[in-house]
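[1] 3D, please:
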Amino acid sequence: MNLPADQLVCLVRDILLALEVRSVDAEIVADNLVEAELLGYDTHGVVRLPRYVHEIQQGQINLSAEIRVTHDFPASLLVDGDWGFGQVIANRTVDLLVERAQRQGVASAGVFHSNDVARLGSYTTRIAEHGLLGLMTVNDGGGSPHVAPWGGIAPLFSTNPLSFAAPRDGSPPVCVDMSTSICAASRILLALKEGESVPPGLLLDAAGQPSSNPGDLFSSPPGSLLPVGAPWAGHKGYALSLIVDILSGALTGAGCSGADARETQGLYFHAIHIDAFVGRDVFTKHLEELVERIQSNPRADGVEEIRIPGERAILERGERQQQGVTLVPAVWEEIKRVAKTLGVTM
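    Got it, this is the predicted structure:
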């Protein structure tokens, strides 16, 4: 199914409104999920909507959440999300963080009691659009174990993603947005929904043997995703995952991987005001010269251009805004089922 982005936003919003979600919250979540679709992050887009509907119906998402700051220091804050929508909590935290970094030079924020935030780059890019450097890490507070520690075979970590964004003059921000596992678990789930196998080198089955069957990740007992760098340097992805868990889980109090808790997202943010260091002009000069050196590097056979992180997504958005967003049949059928159940007109 192919839909114009604005129609898809309306459909997602109407489904949430049918569940008595506050209109401002429904707009934020719908915009966030469809933005992910436009940028090519299909695994972080509307495929998550049926899950949100289920979590609302089970009382896991608090529709009356009151976000509050529990620890307040000049250059840092800790936020209790009150189990609201992750997108709403993360956006509010970014607003507080940006104001503090602009005043103090640097600022950090932690969040606990948050549900799924979807695509991390949405928030670090917002920070960069204010002329700041932005960093974000997320764990699942002990829920959603999918990645074994390097050398192990039992899933313990979540995919523990991180994102970093830097502002540019006249160009979209540099935006790194990646899991510390070799791919997102939602990509394996999407392959399972589509009845496809996954490439070798992503999965181990429950016995620790290589697998291309996406069902092995969700079997009982479950298999595991490999960390970034596997098979030869998986210790590096494992180490990055550990850093994410410490910042997002231990420092925020949201909980660390392996704690056998309900799925909750611990969020850590850091923002840096460039003028507190060399100033925007000097920073931009160095960054743009680096970009030029990267893009003028001799290219491997078959490579037309060397892209800066974030550029592919911007190109994808331009194409999808013109051509519409294409949803795979399994995802579209789930959304139709949810809409019908809630009495939402398609």
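
[2] separation between Gly84 and Asp25?
    7 Å (C-beta to C-beta, to the nearest Å). For glycine as for every other residue, the C-beta is placed from the backbone atoms N, C-alpha and C.

[3] between the two, which is the more surrounded one?
    Gly84 (22 against 19; other C-beta atoms under 10 Å).

[4] how far away is that one from Ser64?
    Separation of Gly84 from Ser64 (C-beta to C-beta): 8 Å.

[5] what's the answer for Arg299, then?
    Distance, Arg299 to Ser64, by C-beta to C-beta: 54 Å.

[6] hey, where'd the strands end up in this structure?
    2-3, 68-73, 76-84, 106-114, 132-139, 162-166, 174-178, 203-204, 210-211, 224-225, 266-273, 325-326 (DSSP state E).

[7] could you dump those into CSV with distance to Gly59 added?
    As requested, the strands of the chain are exported to CSV (distance: least, C-beta to C-beta, whole Å):
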stretch, distance to Gly59
strand 2-3, 30
strand 68-73, 20
strand 76-84, 9
strand 106-114, 14
strand 132-139, 23
strand 162-166, 30
strand 174-178, 31
strand 203-204, 33
strand 210-211, 35
strand 224-225, 29
strand 266-273, 21
strand 325-326, 30
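
[8] contacts only, for the residue nearest to Asn32 when sequence neighbours are not counted.
    Distances taken as C-beta to C-beta, 6 or more residues apart in numbering place Gln87 nearest to Asn32, at 4.4 Å, with adjacent residues excluded. Gln87 makes contacts with 28-29, 32, 117-118, 122, as judged by C-beta atoms under 8 Å, 6 or more residues apart in numbering.

[9] apply 6 Å and report the result again.
    By C-beta atoms under 6 Å, 6 or more residues apart in numbering, the contact list for Gln87 reads 28-29, 32, 117.

[10] Ser163 too?
    By C-beta under 6 Å, 6+ apart, the contact list for Ser163 reads 120-121, 124, 136, 177.

[11] just curious, which of those is nearest to Glu194?
    Asp177 (22.9 Å; C-beta to C-beta).

[12] that closest one and Tyr123 touch, don't they?
    No - assessed by C-beta atoms under 6 Å, Asp177 is found out of contact with Tyr123, at 9.9 Å.

[13] between those two, who's got more neighbours?
    Shown here are Asp177 and Tyr123; by other C-beta under 10 Å, Tyr123 has more neighbours (27 against 23).

[14] now that one: how far from His270?
    Distance of Tyr123 to His270, given as C-beta to C-beta: 12 Å.

[15] skipping adjacent residues, who's closest to Pro50 in space?
    Glu334 (4.7 Å).

[16] keeping just the C-alphas, turn the lowest-mean-pLDDT helix or strand in the chain into PDB.
    Here the helix or strand of the chain ranked lowest by mean pLDDT, DSSP states H and E is helix 185-194, holding a mean of 90. Only the C-alpha atoms of helix 185-194 are listed here, as PDB (Å, rounded to 0.1, in the frame of the first residue of the first chain):
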ATOM      1  CA  ALA A 185      15.600  -6.100  16.300                       C
ATOM      2  CA  SER A 186      12.700  -4.500  14.600                       C
ATOM      3  CA  ARG A 187      14.400  -5.300  11.200                       C
ATOM      4  CA  ILE A 188      14.400  -9.000  12.100                       C
ATOM      5  CA  LEU A 189      10.700  -8.700  13.200                       C
ATOM      6  CA  LEU A 190       9.800  -7.100   9.900                       C
ATOM      7  CA  ALA A 191      11.500  -9.900   8.000                       C
ATOM      8  CA  LEU A 192       9.500 -12.400  10.100                       C
ATOM      9  CA  LYS A 193       6.300 -10.600   9.200                       C
ATOM     10  CA  GLU A 194       7.200 -10.600   5.500                       C
END
